[in-house]
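Colleague: Give me the fold of what follows.
(chains A and B, ligands or ions: 4)
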Amino acid sequence: MNASPLTLWEHAQSQGVSRRDFIRYCSWLAAAAGIEASSIGRVVKAMENKPRLPVVWMHFQECTCCSESFIRSSHPVVSDIVLDKISLDYTETLMAASGFQAEKQLHDTITKYKGEYILCVEGSIPTGDGGVYCCIGGKSALDIVKEVAADAKAIIAWGNCATHGCVQAAKPNPTSATPVHKIISGKPIINVPGCPPIAEVMAGTIVHLLAFDRIPELDGLGRPKAFYSRRIHDTCYRRPNYDAGLFVESFDDENAKRGYCLYKVGCRGPVTYNACAVTKWNNGVSYPIQSGHGCIGCSEKDFWDNGPFYQHLASFPGFGIETTADDIGLAVGAVTAIGIAAHAVTTNIKKRKFIQSEIADSETADDLDNKGGA
Amino acid sequence: MEHVSFGRVYVWQLPVRVYHWVNALCVVALACTGYLIGHPFAIQSGTEAYNNYWFGTVRFIHFLSAFLFFFNFLFRIYWGFAGNMFARWGNFIPHRKEQFTEMAAVLKVDVLLAKIKPLPSIGHNSLAGVTYFISFLAFLFQSITGFGMYAAMSKSALPRLFAWIVPMMGGDFAVRQWHHMMMWFFIIFSIVHVYLVFYHDYVEGRGTISSMAGGWKFIEHEKNK
Ligand code: HEM
Ligand code: HEM
Ligand code: SF4
Ligand code: SF4
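Modeller: Residues are numbered from 1 along each chain as shown, chains lettered A, B, ... in the order given. Ligands and ions are numbered 1, 2, ... in the order given. Predicted coordinates for the structure are as follows:
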């Protein structure tokens, strides 16, 4: 690591990038981050003056699908970010160093760039039994994340694991898997959920930090608004079928062939905030619904517990996998109806005398007849 | 032969009656359309989306009745402070000793089918009052979760006011499930409510059912002759 790091523009020049290509590249970055065209000037300026962003990328309880998603993107911006524009000083899966060397790297980065580095967390942190379920270099994930977060400028929580706990946190959550925002406080945390998040969304989030030096605008759950403010359902190309009431009943029916809406076979699009229907996957090739499968809500909290994935209503807790709130409601309704019928019958038996006497007591048609005529 | 003489009491003022029927209509409409939103019928196939809009219409009716329901509910909250003694909040939230003894008495009559004695209250009996209060809480819950979901598809200020419920419950899915489950409370409440209104009208003979139409109840004065 240099003592005075090159700015991004200097770095680009050293790689033989022309001014024109540099500007074009900045526009790309801006587009990836969802920044409007009028602000491209600011992105260029930032790139000219900023040193490369030091990044520490931790892996805890996870499957590395977020990293996979990120590096699989063949979009030039992404590869450029990983290789050039950020200085990825520590990341277990990609760095060359290992063992004590790696530990030293981490230590050096967080002391040298105190308050300047970005901490990326992939995976949840098990807090059960003192955090023994995930240890790196003899330290628990819990201790590591606290230590590394202490001097970070901002934290990015990648994927459903780091933002909601994902499958490790699904009931009964044996390791007490916990998302980052429940452990670290007092630091800006950007939640980028998804299992995994879309590469372009990940890149966009980093680019925003890179270009503006501050965290992107977040929603109530700490997610960048640029990517998570709309539901899959709001941008889904099958939406006209939903409004028209045209639904796939089973995956092999005529309706499925016609591309009707997947709502009745469990699509979670109406309750899922993500950019899939717009950005799509694998460089814009497709997304689940376009390939004929409903959304499973992979960017939402507890999506593993909200199953089965292939029915609209979740199973009712404690009543077996296929029992929904409607089955319970219907049963309670039926019991109520039977109860009422029984009640009505017993009322007429038990209160018969009383009601008869009331009728006898009241003015009857005969009484009125006697009075009548006057 | 002894005759009981009844006096008329003007119990439900016009605003309460209008509130009641607007509310009843809205709840029925909301439960029917809500059920359909959760279980759309397979009524069409072999056609294209541009020819149809029935599901959109069902949702539109749900939202339309939801707004009506909500403002009607707000009005009733206000009327609980401004209305006559029978409309006031004190009737719904038991706080006096007589209210608790009356609740026990009503339970005896309704559930144990004990012999009927005249109840102290003229408006809602205390037990009915409590169940209405619980149903008001359910109205509130349904409004918060409903508007919380609606906020995702609306830029207007009213639904935005309730958007906090989504992060609080952990996401739209949970909100939707609870909103759906709560529908069953309304269905069961309505069945029991309508039955009990008929039942009380039948065994007490004070004109309970018609009171929600005309406002009058008949109260025993003293035994005549
Ligand atoms: C007594 C009152 C109500 C009942 C019984 C009721 C019932 C339902 C039911 C059963 C659903 C279907 C849930 C599902 O399975 O997907 C639903 C959906 C919904 N309701 Fe209600 N609801 C009531 C009041 C309200 C109110 C006051 C609002 C406020 C705007 C509201 C807004 C919604 C919304 C936004 C949806 C989702 C519709 C969609 O995205 O297509 N509801 N309701
Ligand atoms: C045919 C249908 C219905 C009839 C005949 C009916 C009749 C009545 C009557 C007579 C009362 C006054 C009872 C008393 O003295 O305690 C009442 C109160 C009430 N009913 Fe209904 N009702 C019907 C449907 C509904 C429905 C569907 C709902 C909605 C869930 C509902 C909600 C209420 C509420 C909240 C009150 C308390 C009113 C207040 O004080 O503001 N009713 N109803
Ligand atoms: S397929 Fe899913 S996301 Fe698309 S319109 Fe239907 S319910 Fe909505
Ligand atoms: S469509 Fe839904 S389940 Fe699929 S990747 Fe997107 S958010 Fe996840």
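Colleague: Would you map the helices across chain B?
Modeller: Assigned by DSSP state H, chain B shows helices spanning B:14-38, B:54-82, B:97-110, B:126-150, B:157-160, B:165-169, B:172-204, B:208-214.
Colleague: which of those has the lowest average pLDDT?
Modeller: With a mean of 84, helix B:97-110 has the lowest mean pLDDT of these.
Colleague: The helices of chain B: which one's closest to residue A:283?
Modeller: Ranking those by proximity to residue A:283 (CB to CB) places helix B:172-204 first, at 28.5 Å. Using the backbone N, CA and C atoms, a C-beta is placed for each residue, glycine as well.
Colleague: So which bits of the closest one are buried?
Modeller: Judged by neighbour count (16 or more other CB atoms under 10 Å in any protein chain shown), helix B:172-204 contains these buried residues: B:172-189, B:192-193, B:195-196, B:199-200, B:203-204.
Colleague: residue contacts, the residue nearest the centre of chain B?
Modeller: For chain B, the residue nearest the mean C-alpha position is residue B:135 (5.8 Å; CA atoms, centre = their mean). Shown in contact with residue B:135 (CB atoms under 8 Å, 6 or more residues apart in numbering or on different chains): B:185-186, B:189.
Colleague: same thing but 6 Å
Modeller: residue B:189 (CB atoms under 6 Å, 6 or more residues apart in numbering or on different chains).
Colleague: now residue B:43: how far from residue A:39?
Modeller: Relative to residue A:39, residue B:43 is positioned 49 Å away (CB to CB, to the nearest Å).
Colleague: Longest helix in chain A, please.
Modeller: Longest helix in chain A, counting by DSSP H: helix A:325-350.
Colleague: Let's test this: mean pLDDT of that helix, rounded?
Modeller: Helix A:325-350 comes out with an average pLDDT of 90.
Colleague: Give me the contact list for the helix or strand just after it.
Modeller: Once the chain leaves helix A:325-350, the next helix or strand it forms, by DSSP states H and E, is helix A:352-361. Helix A:352-361 has contacts (CB under 6 Å, 6+ apart) with no other residue.
Colleague: ok now helix A:352-361, how far from the chain's centre?
Modeller: 66 Å (CA atoms, centre = their mean, to the nearest Å).
Colleague: per-domain residue ranges of chain A.
Modeller: A:8-228, A:230-314, A:336-370 (automatic domain parsing).
Colleague: Could you see whether chain B lies near the first one?
Modeller: Read it as domain A:8-228. Yes. With CB under 6 Å from any CB of the partner chain as the measure, domain A:8-228 is seen reaching chain B through A:220-221.
Colleague: Any chance of CSV for the domains of chain A, columns mean neighbour count?
Modeller: Output for the domains of chain A, formatted as CSV (neighbours: other CB atoms under 10 Å in any protein chain shown):
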stretch, mean neighbour count
domain A:8-228, 19
domain A:230-314, 20
domain A:336-370, 12
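Colleague: Which of these sits closest to ligand 3?
Modeller: domain A:230-314 (2.2 Å; CB to the nearest ligand atom).
Colleague: That closest one and chain B, any residue contact?
Modeller: Yes. Under the criterion of CB under 6 Å from any CB, domain A:230-314 makes contact with chain B via A:231, A:240-241, A:243-247, A:249, A:255, A:271, A:300-301, A:306, A:314.
Colleague: now the strands for the stretch 1-150 of chain A?
Modeller: In the stretch 1-150 of chain A, the segments counted as strands under DSSP state E, counting those that start in this stretch are A:53-59, A:86-91, A:118-122, A:125-126, A:135-136, A:139-140.
Colleague: Dump those strands to a markdown table, plus distance to ligand 2.
Modeller: Converted to a markdown table, the strands of the stretch 1-150 of chain A look like this (distance: least, CB to the nearest ligand atom, whole Å):
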| stretch | distance to ligand 2 |
| --- | --- |
| strand A:53-59 | 53 |
| strand A:86-91 | 58 |
| strand A:118-122 | 48 |
| strand A:125-126 | 46 |
| strand A:135-136 | 56 |
| strand A:139-140 | 53 |
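Colleague: Make TSV from the ones you listed and add mean pLDDT and distance to residue B:104 to it.
Modeller: As requested, these are exported to TSV (pLDDT from 0 to 100; distance: least, CB to CB, whole Å):
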stretch	mean pLDDT	distance to residue B:104
strand A:53-59	90	62
strand A:86-91	81	69
strand A:118-122	95	58
strand A:125-126	96	52
strand A:135-136	92	61
strand A:139-140	93	58
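Colleague: Which one, of these, ends up nearest to ligand 4?
Modeller: Proximity to ligand 4, assessed across the strands of the stretch 1-150 of chain A by CB to the nearest ligand atom, is greatest for strand A:118-122 (16.6 Å).
Colleague: Give the other helices and strands that that closest one contacts.
Modeller: If contacts are counted by 3 or more CB pairs under 6 Å, 6 or more residues apart in numbering or on different chains; DSSP states H and E, strand A:118-122 sits against strand A:53-59, strand A:154-158.
Colleague: and the following helix or strand past the last one, is it in reach of ligand 4?
Modeller: Once strand A:154-158 ends, the next helix or strand along the chain (criterion: DSSP H and E) is helix A:159-164. No. Counting by CB under 6 Å from any ligand atom, no contacts exist between helix A:159-164 and ligand 4, the nearest distance being 8.8 Å.
Colleague: From ligand 2, how far off is the nearest residue to residue A:73 once chain neighbours are set aside?
Modeller: With CB to CB, 6 or more residues apart in numbering or on different chains as the criterion, residue A:73 has its nearest non-adjacent residue at 3.4 Å, and that residue is residue A:199. Applying CB to the nearest ligand atom, to the nearest Å, the value for residue A:199 to ligand 2 is 50 Å.
Colleague: go on, residue A:49?
Modeller: Distance of residue A:49 to ligand 2, given as CB to the nearest ligand atom: 64 Å.
Colleague: Which ones among the residues of domain A:230-314 next to chain B also lie next to ligand 4?
Modeller: Among the residues of domain A:230-314 next to chain B, ligand 4 is touched by none when using CB under 6 Å from any ligand atom.
Colleague: ok, so of these, who is nearest ligand 4?
Modeller: The closest of the residues of domain A:230-314 next to chain B, once distances to ligand 4 are taken by CB to the nearest ligand atom, is residue A:300, at 7.7 Å.
Colleague: and the residue nearest to residue A:244 when sequence neighbours are not counted, what pLDDT?
Modeller: The shortest distance from residue A:244 to any non-neighbouring residue, by CB to CB, 6+ apart, is to residue B:52 (3.7 Å). Here, the pLDDT recorded for residue B:52 equals 87.
Colleague: Neighbours of residue B:52, how many?
Modeller: 18 (other CB atoms under 10 Å in any protein chain shown).
Colleague: ok, now residue B:110?
Modeller: 18.
Colleague: Just list the residues touching it, thanks.
Modeller: Contacts of residue B:110 (CB under 6 Å, 6+ apart): none.
Colleague: Just say helix, strand or coil for the one residue in the stretch 251-374 of chain A that gets nearest to ligand 1.
Modeller: Residue nearest to ligand 1 within the stretch 251-374 of chain A (CB to the nearest ligand atom): residue A:270, separated by 5.4 Å. Recorded secondary structure, residue A:270: helix (DSSP: H, G, I helix; E, B strand; the rest coil).
Colleague: Now do the closest residue to it other than its chain neighbours against residue A:273, distance only.
Modeller: Among residues not flanking residue A:270 along the chain, residue A:233 sits closest, at 4.2 Å (CB to CB, 6+ apart). According to CB to CB, residue A:233 stands 10 Å off from residue A:273.
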